[in-house]
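J.: here you go, sequence then predicted model.
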Amino acid sequence: MAKIKVDLKDKSYNIIVGSEILQDLGKIIKEEKLGRNIFIITDPAVNDLYGDAVRKGLTGFNHHTLDMPQGERNKDLKNLKILYDQLVNLKAHRDSLIIALGGGVIGDLAGFLAATYMRGINYIQVPTTLLAQVDASIGGKTGINHPKGKNLIGAFYQPKLVYIDIKTLSTLAAREIRTGLAEVVKYGIIKDADFFKFLENNSHHLNTKAFESFDTLRASLKVWHTIVFESAKIKAWVVEKDEKESNLRMILNFGHTFGHAIETLTKYKAYNHGEAVAIGMIAACLTAVKLGIFDQKSFNQVITLIESLGLPTEVDGIPSDKAVDAMMLDKKVAADQIRFVLPEKIGKVVVQDNVPLKIVKQVLKEIGCKS
């Protein structure tokens, strides 16, 4: 197992990355004295795959498993209320512990549940998707969606532990692998050109076919361990510098201003998060090219890598005026200016809020939006 410390003083915690380690989680909970009354928040599919492995390590604990429906559109007040009711009925108190077992939806929802139930109880992130392992589970962003926008209701609330078992990646569908790879590519562009090059050189390992035989699985898992560990390390470094997104942490939103608008306008059905972010990264890079701060060669590298990973680079027919309206509702808007994270080179980005609307509309048209 490898360990990364997220240094936030009295809110510090560890990220643990390993393979086939789910059954050992109970030992850490006991050693760290994180709670005796445990509530595992998960969905039926993840519960069938990994629930027993987690519960196997919880001998001696009082534990309950609470299933929630899958999908981004279920990350809402309705399902949050169901969880509140279950915690109350099961007599959960402030010494209880929530385990978020699943992808980003479960992590966001369970994290917000932990942040708000009895004004805050302990929780652990146990992410089982690539997207959650490299991004959503780290940094304490929790929340639910509003019909008008993604994650408009939420809180910064740090977990007590992020516990990552990369073997869970071997059961993901190809689309789920791709959606996480969008966030992985993001880290290379915003912070680490060498990591971006590593992704270019190892793209042949980054598909579900590599999991189909023992030899390719073994080789692939070594690559995935590096990918997850390095991504988590970059995310942890940014969070340490800026826990509540007042400055540096905004760079983690690279591709998300456009991406969240796409998700909202398609009601989270046409594109999953990673697909929307992939298109958003292309849009951000194209904006930077038009502003003269990012060169065409680097843009070509980005689009080539994204296409090689099977991710989309264009959106299908969203009205550009509605896309602008959706971006204006984004949490990163300041003084009625849309705030964009734009690349200056691979490995370095800048935050800008003075991008001319004319250029934004040109970019939206070029990525497939209709007038």
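T.: Received it, and whenever you're ready, just let me know what you need.
J.: tell me where the stretch 1-150 of the chain has helices.
T.: Using DSSP state H, counting those that start in this stretch, the helices of the stretch 1-150 of the chain run over residues 25-32, 44-46, 52-56, 77-89, 104-116, 130-131.
J.: with mean neighbour count and distance to residue 186 added, can I get the ones you listed in TSV?
T.: In short, each C-beta sits where N, CA and C put it, glycine included. Formatted as TSV, the helices of the stretch 1-150 of the chain follow (neighbours: other CB atoms under 10 Å; distance: least, CB to CB, whole Å):
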stretch	mean neighbour count	distance to residue 186
helix 25-32	16	28
helix 44-46	16	24
helix 52-56	18	29
helix 77-89	14	28
helix 104-116	26	14
helix 130-131	28	11
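J.: dump these to JSON lines, plus mean pLDDT.
T.: Below are the helices of the stretch 1-150 of the chain laid out as JSON lines (pLDDT from 0 to 100):
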{"stretch": "helix 25-32", "mean pLDDT": "96"}
{"stretch": "helix 44-46", "mean pLDDT": "96"}
{"stretch": "helix 52-56", "mean pLDDT": "97"}
{"stretch": "helix 77-89", "mean pLDDT": "97"}
{"stretch": "helix 104-116", "mean pLDDT": "97"}
{"stretch": "helix 130-131", "mean pLDDT": "92"}
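J.: take these and write them to JSON lines, including distance to residue 248.
T.: Formatted as JSON lines, the helices of the stretch 1-150 of the chain follow (distance: least, CB to CB, whole Å):
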{"stretch": "helix 25-32", "distance to residue 248": "29"}
{"stretch": "helix 44-46", "distance to residue 248": "33"}
{"stretch": "helix 52-56", "distance to residue 248": "34"}
{"stretch": "helix 77-89", "distance to residue 248": "30"}
{"stretch": "helix 104-116", "distance to residue 248": "22"}
{"stretch": "helix 130-131", "distance to residue 248": "22"}
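J.: and for residue 67, nearest residue in space, chain neighbours not counted?
T.: Excluding its sequence neighbours, the residue lying closest to residue 67 (CB to CB, 6 or more residues apart in numbering) is residue 44, at 5.3 Å.
J.: find the centremost residue of the protein, please.
T.: By CA atoms, centre = their mean, the chain has its centre lying nearest to residue 136, at 3.0 Å.
J.: from residue 255, how far out is the closest residue to residue 313 other than its chain neighbours?
T.: Once flanking residues are discounted, residue 313 sits nearest to residue 282: 4.8 Å by CB to CB, 6+ apart. Look at residue 282 and residue 255: by CB to CB, to the nearest Å, they are 8 Å apart.
J.: how about residue 244?
T.: 21 Å.
J.: contacting residues for the closest residue to residue 87 other than its chain neighbours?
T.: Using CB to CB, 6+ apart and skipping residues adjacent in sequence, the residue nearest residue 87 is residue 117, 5.8 Å away. When the contact criterion is CB atoms under 8 Å, 6 or more residues apart in numbering, the partners of residue 117 are 84, 87, 92.
J.: what do you get for residue 22?
T.: Shown in contact with residue 22 (CB under 8 Å, 6+ apart): 50, 53, 54, 57, 126, 163, 165, 168.
J.: which of these sit farthest apart?
T.: 57 and 168 (15.1 Å; CB to CB).
J.: of those two, who's got more company?
T.: residue 168 (25 against 18; other CB atoms under 10 Å).
J.: pretty sure that one is touching residue 50, no?
T.: Yes. Assessed by CB atoms under 8 Å, residue 168 is found in contact with residue 50 at 6.4 Å.
J.: list residues touching both of the two?
T.: In contact with both residue 168 and residue 50: 22, 128, using CB under 8 Å, 6+ apart.
J.: thinking again about what came up before, what's the closest of the contacts of residue 22 to residue 18?
T.: Nearest to residue 18 among the contacts of residue 22, counting by CB to CB, is residue 165 at 6.3 Å.
J.: list the contacts of the residue nearest to residue 67.
T.: Going by CB under 8 Å, 6+ apart, residue 44 touches 67, 69, 70.
J.: identify the residues contacting the first one.
T.: Residue 67 is in contact with 42, 43, 44, 47, counting by CB under 8 Å, 6+ apart.
J.: just give me the neighbour total for the nearest residue to the second one once chain neighbours are set aside.
T.: Using CB to CB, 6+ apart and skipping residues adjacent in sequence, the residue nearest residue 43 is residue 70, 4.7 Å away. If you count neighbours by other CB under 10 Å, residue 70 ends up with 16.
J.: how close does residue 70 sit to residue 322?
T.: 27 Å.
J.: same thing with residue 161?
T.: Per CB to CB, residue 161 is found 41 Å from residue 322.
J.: pretty sure residue 16 is touching residue 3, no?
T.: Yes. If you go by CB under 8 Å, residue 16 and residue 3 touch, sitting 5.5 Å apart.
J.: circling back: quick one: which of residue 161 and residue 322 has more around it?
T.: Between residue 161 and residue 322, counting by other CB under 10 Å, residue 161 is the more crowded of the two (20 against 15).
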